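Asker: following is a predicted model, sequence given first.
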2 protein chains.
Amino acid sequence: MPKSRNIYLDYTASISANPSSVHMLGVKAKTKLQNARKEVAVILRARPEEIIFTSGGTESNNLAIQGVVFSTWELGSQEGAELPKIPHIITTNIEHPSVLETFKMLRKKKLAEISIVPVEKNGIIDVKKIKKEIKGNTILVSVMYANNEIGTIQPIREIAKEIRHYKKGKHSFKKLCFPVFHTDAVQAVNYLDLNVEKLGVDLLSLSGSKIEGAGRVGILYKKKSVPLAAIFGGGDQEMGFRPGTENLPEILKFSKALNLVQKNKEKESRRLTQLRNYFIIKLTSQKNNFFGPRVALIKSEGLNQTLKNYSSASLIINGDLENRLPNIINVTFPKIPSDLLVMELSANGIMTSSKSACKSSQKGGSYVIKAIRPESDVEIGGLRFSLGRQTTKTDIDYTSKILSKILLKLKKWYN
Amino acid sequence: MPKSRNIYLDYTASISANPSSVHMLGVKAKTKLQNARKEVAVILRARPEEIIFTSGGTESNNLAIQGVVFSTWELGSQEGAELPKIPHIITTNIEHPSVLETFKMLRKKKLAEISIVPVEKNGIIDVKKIKKEIKGNTILVSVMYANNEIGTIQPIREIAKEIRHYKKGKHSFKKLCFPVFHTDAVQAVNYLDLNVEKLGVDLLSLSGSKIEGAGRVGILYKKKSVPLAAIFGGGDQEMGFRPGTENLPEILKFSKALNLVQKNKEKESRRLTQLRNYFIIKLTSQKNNFFGPRVALIKSEGLNQTLKNYSSASLIINGDLENRLPNIINVTFPKIPSDLLVMELSANGIMTSSKSACKSSQKGGSYVIKAIRPESDVEIGGLRFSLGRQTTKTDIDYTSKILSKILLKLKKWYN
């Protein structure tokens, strides 16, 4: 029998090699895992040990928020730590459900006091309003990098600056680095700068499900000095912050795909910005036989018509037009429920959405649209087109054409 | 342009179709997801809505334990519910870290009072000892189906019977179905009966990473009547119990692989039991030039020599020999650290382990071996061989031969 053959008698650890196993195949798997961690760290300008692999964006956001809240329970028992009985955490009203619902869950369980700061009409948070909420027992501020429904980009660097400034003041938590700053960068990953130092964030979440070719895993960047408690009890994986056998095959896909996205970021952002603007011009042009010139926009960015009076508009483009992702267009046709448009477009082979898929089973419209236009009919909502790697000009032309036909058909009913 | 083409403008929901999206591709994905859920339900004799997909075994165990504990917080605010201020939960001292550490975490956070019941010397829990711990504020009992290190099978049906009996008595929680009974069936999946009705369990965890060809997902079976709170805040996926985009590709692999395993269960169990016994006989035979007849076993099961005096044994087979999984053999060579044997075997291409991979980064030996032989040297531990689908008689012959050589080499140093 040749000595070089491998006999696998570690089925109980895992069907294929487990990176935490001590034997040769385990060590090989561990090396691959650590290389993937390094690759991700290089892209974020972080240290490898600051990258925690999770099961996805929802878990990353939960780990960040619950992890910081629970860390204060552990720190509370340390000598000299002056910690509040109930910690205070701050977020905005257009965060992804995995942030917003986690905040509400912590409030319901009386584990945290929460502040939900409303964004402005353009879907962007006013930094001063965040600053105003920070107080003695504030341990966390969580603001998303870019919104998943309307694509608006938040002033992360500016918020980070305010938090740094606050920490420099005389506060009892100074030594404990509170408040820490978390950003959900799940939607930003393909187009925006992920340099955590430049952004000034302490925690940053990413999800593989939003990156072409990446596996179904997520990451949480955690600055070394930031206190964090695991939310799962279990093994020692991921530096103790995330127990459970590492999903190595998907992690390897993730690091590879993130690298690729990083390389194409500028070029792809330019391409999609052009395509998006082309789509907006098509939607708002006078030639379009339905909408006409009655378009409501927050900012014009070289487009011809602007109408700030929503009540008389026949088309509203939701969210700031300058500070937004290259790939998202969200429009409202007053009186026409966006859910209906999603169905009609789907029947024509065009896949769009009217709100976060994570909240699709709930009745009622998008809470994000409600947040930026509280006076609007919640059932009308917004229709989201989100573009990606495979999207072409031909797709946009076809979509515009079909949308016009659908609107013309529905016009008779909604007038 | 043909009407039949699909244009995907929902990249923000997910790169590929998201089962929670409302459009056509989302609906197709949802159908696949629900079919997978049905297939798993049929195998467990459960209803589809009782199957919750998670990221793996660790998450399933955490969801079961933390989910039941936190459910009492929600129930506590309901009218008429008489709930304890601090709930009490019971487990054993040889559970997987994802159960044991979760219990300790809940105790540390003062969210639960815990009882950790020690198993007997044969690695099996005494049902009477569990029964004795159940009291007025007990809301959960969690006992693993089969142990991951020594392979012993716990008397799940008997424990379930005791809990049912307790509930029938006069207790204020009767209407709330407490205590609920959870079993971690991660290691049992390939060989034991998973019929939840026969087992009498309310919650049961499985992991794809222990099933050949299954994806990196887990499931938690949750009996419909059992109260459970989600541990993540987020979307509405998985009936609200597990937010986050469903890992559809891996879920489909899981249901397919579970089906296959179910079909081959009896045949494969017989094959591995024979192979395991063949290995034990080889290890304990007089022909073996190292071990000789000084073997300590708890039960003999047709093997020739039994010696209950551990101190004079040269080989100890850990765990009950009758009530154990077909695929696990765990042995201790007194004076020889099992970690060293893992390394030596690995250098010869044989992959084994000395403790749970989940705890491999920690110093010190196996807590499971410590639990069944508290008097033993913790650094010596146990050497685990776990067999699987690819394991052959030739592998066992080769492994026995190499192990003899290694032991002969090490004998000089450890005497």
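Answerer: Noted; the coordinates are in hand.
Asker: list the contacts of stretch A:46-56.
Answerer: Stretch A:46-56 has contacts (CB atoms under 8 Å, 6 or more residues apart in numbering or on different chains) with A:34, A:37-38, A:40-41, A:44, A:60, A:63, A:196, A:207-209, A:216-224, A:238-239, A:241-242, A:244, A:246-247, A:251, A:254, B:55-56, B:59, B:244-245, B:247. Any C-beta I mention is one placed from the backbone N, CA and C, and that applies to glycine too.
Asker: which of the residues you listed fall within strands?
Answerer: A:207, A:218-222 (DSSP state E).
Asker: so which of the residues you listed wins on neighbours?
Answerer: residue A:219 (32 neighbours; other CB atoms under 10 Å in any protein chain shown).
Asker: right, and residue A:346 touches residue B:24 too?
Answerer: Yes: using CB atoms under 8 Å, residue A:346 is in contact with residue B:24, at 4.5 Å.
Asker: average model confidence for whichever strand or helix holds residue A:397?
Answerer: Here residue A:397 sits within helix A:393-411, counting by DSSP states H and E. For helix A:393-411, the mean per-residue pLDDT is 91.
Asker: got the buried residues for it?
Answerer: Buried residues in helix A:393-411, defined by neighbour count with 16 or more other CB atoms under 10 Å in any protein chain shown: A:395-396, A:398-400, A:402-404, A:406-407, A:410.
Asker: which non-adjacent residue is nearest residue A:221?
Answerer: Computed as CB to CB, 6 or more residues apart in numbering or on different chains, the closest residue to residue A:221 that is not its neighbour in sequence is residue A:204, at 4.2 Å.
Asker: for residue A:215, that is, sorry about that
Answerer: That would be residue A:250: by CB to CB, 6+ apart, it lies 2.7 Å from residue A:215.
Asker: wait, what's in contact with the one you found?
Answerer: Contacts of residue A:250 (CB under 8 Å, 6+ apart): A:208, A:215-217, B:216.
Asker: pull the number of nearby residues for the nearest residue to residue A:149 once chain neighbours are set aside.
Answerer: Among residues not flanking residue A:149 along the chain, residue A:368 sits closest, at 4.2 Å (CB to CB, 6+ apart). Residue A:368 has 28 neighbouring residues, counting by other CB under 10 Å.
Asker: for the one helix or strand residue A:368 maps to, buried residues please.
Answerer: Using DSSP H and E, residue A:368 maps to helix A:367-372. The neighbour-count check on helix A:367-372 (16+ other CB under 10 Å) flags A:367-372 as buried.
Asker: just put those in CSV and tack on pLDDT and distance to residue B:51.
Answerer: Listed next are the buried residues of helix A:367-372 as CSV, based on pLDDT from 0 to 100; distance: CB to CB, whole Å:
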residue, pLDDT, distance to residue B:51
A:367, 93, 29
A:368, 95, 31
A:369, 93, 34
A:370, 93, 34
A:371, 94, 35
A:372, 92, 38
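Asker: between which two of these is the distance greatest?
Answerer: Using CB to CB, the buried residues of helix A:367-372 span at most 10.2 Å, a distance reached by A:367 and A:372.
Asker: got any residues that touch both of the two?
Answerer: residue A:94.
Asker: what about the helices in chain A?
Answerer: Per DSSP state H, chain A carries helices over the ranges A:24-44, A:57-76, A:97-108, A:127-133, A:156-168, A:196-199, A:248-284, A:338-347, A:367-372, A:393-411.
Asker: show residues contacting the third one.
Answerer: Okay, so that is helix A:97-108. Against helix A:97-108 from outside (CB under 8 Å, 6+ apart): A:57-58, A:61-62, A:65-66, A:69, A:89, A:91, A:93, A:95, A:112-114, A:116, A:142, A:144, A:184, A:356, A:358-359, A:367, B:74, B:230, B:232-235, B:243-244.
Asker: average pLDDT across it?
Answerer: The model assigns helix A:97-108 a mean pLDDT of 96.
Asker: in it, what counts as buried?
Answerer: So, applying 16+ other CB under 10 Å, buried residues of helix A:97-108: A:97-103, A:105-106, A:108.
Asker: report the angle between the axes of it and helix A:57-76?
Answerer: Calculated by axes from the mean of the first three to the mean of the last three CA atoms, to 10 degrees, helix A:97-108 forms an angle of 40 degrees with helix A:57-76.
Asker: where does the stretch 151-300 of chain A come near chain B, residue by residue?
Answerer: The stretch 151-300 of chain A comes close to chain B at residues A:151, A:187, A:207, A:209-214, A:216, A:230-237, A:243-245, A:247, A:249-250, as judged by CB under 8 Å from any CB of the partner chain.
Asker: give me the buried subset of those residues.
Answerer: A:151, A:187, A:207, A:209-212, A:214, A:216, A:230-237, A:243-245, A:247, A:250.
Asker: just give me the closest of the buried residues of helix A:97-108 to residue A:389.
Answerer: residue A:98 (24.3 Å).
Asker: distance of that closest one from residue A:62?
Answerer: From residue A:98 across to residue A:62, the span is 6 Å (CB to CB, to the nearest Å).
Asker: ok, now residue A:148?
Answerer: 16 Å.
Asker: also residue A:112?
Answerer: Noted for residue A:112: a distance of 13 Å to residue A:62, by CB to CB.
Asker: ok, now residue A:188?
Answerer: Counting by CB to CB - residue A:188 and residue A:62 are separated by 19 Å.
Asker: with only the CA atoms kept, save stretch A:321-340 in PDB.
Answerer: This file holds the C-alpha atoms of stretch A:321-340, laid out as PDB (Å, rounded to 0.1, in the frame of the first residue of the first chain):
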ATOM      1  CA  LEU A 321     -30.000  62.100  -8.000                       C
ATOM      2  CA  GLU A 322     -26.400  63.000  -7.200                       C
ATOM      3  CA  ASN A 323     -25.500  61.000  -4.200                       C
ATOM      4  CA  ARG A 324     -26.800  57.600  -5.300                       C
ATOM      5  CA  LEU A 325     -25.500  54.300  -6.500                       C
ATOM      6  CA  PRO A 326     -24.900  53.900 -10.300                       C
ATOM      7  CA  ASN A 327     -27.300  51.000 -10.600                       C
ATOM      8  CA  ILE A 328     -30.500  51.900  -8.800                       C
ATOM      9  CA  ILE A 329     -33.500  53.800 -10.200                       C
ATOM     10  CA  ASN A 330     -36.600  54.000  -8.100                       C
ATOM     11  CA  VAL A 331     -39.700  55.700  -9.500                       C
ATOM     12  CA  THR A 332     -43.200  56.300  -8.300                       C
ATOM     13  CA  PHE A 333     -46.200  56.700 -10.600                       C
ATOM     14  CA  PRO A 334     -48.800  58.400  -8.400                       C
ATOM     15  CA  LYS A 335     -52.000  56.400  -8.300                       C
ATOM     16  CA  ILE A 336     -50.500  53.200  -9.700                       C
ATOM     17  CA  PRO A 337     -49.500  50.600  -7.100                       C
ATOM     18  CA  SER A 338     -45.900  49.600  -7.700                       C
ATOM     19  CA  ASP A 339     -46.700  46.000  -6.800                       C
ATOM     20  CA  LEU A 340     -49.000  45.900  -9.800                       C
END
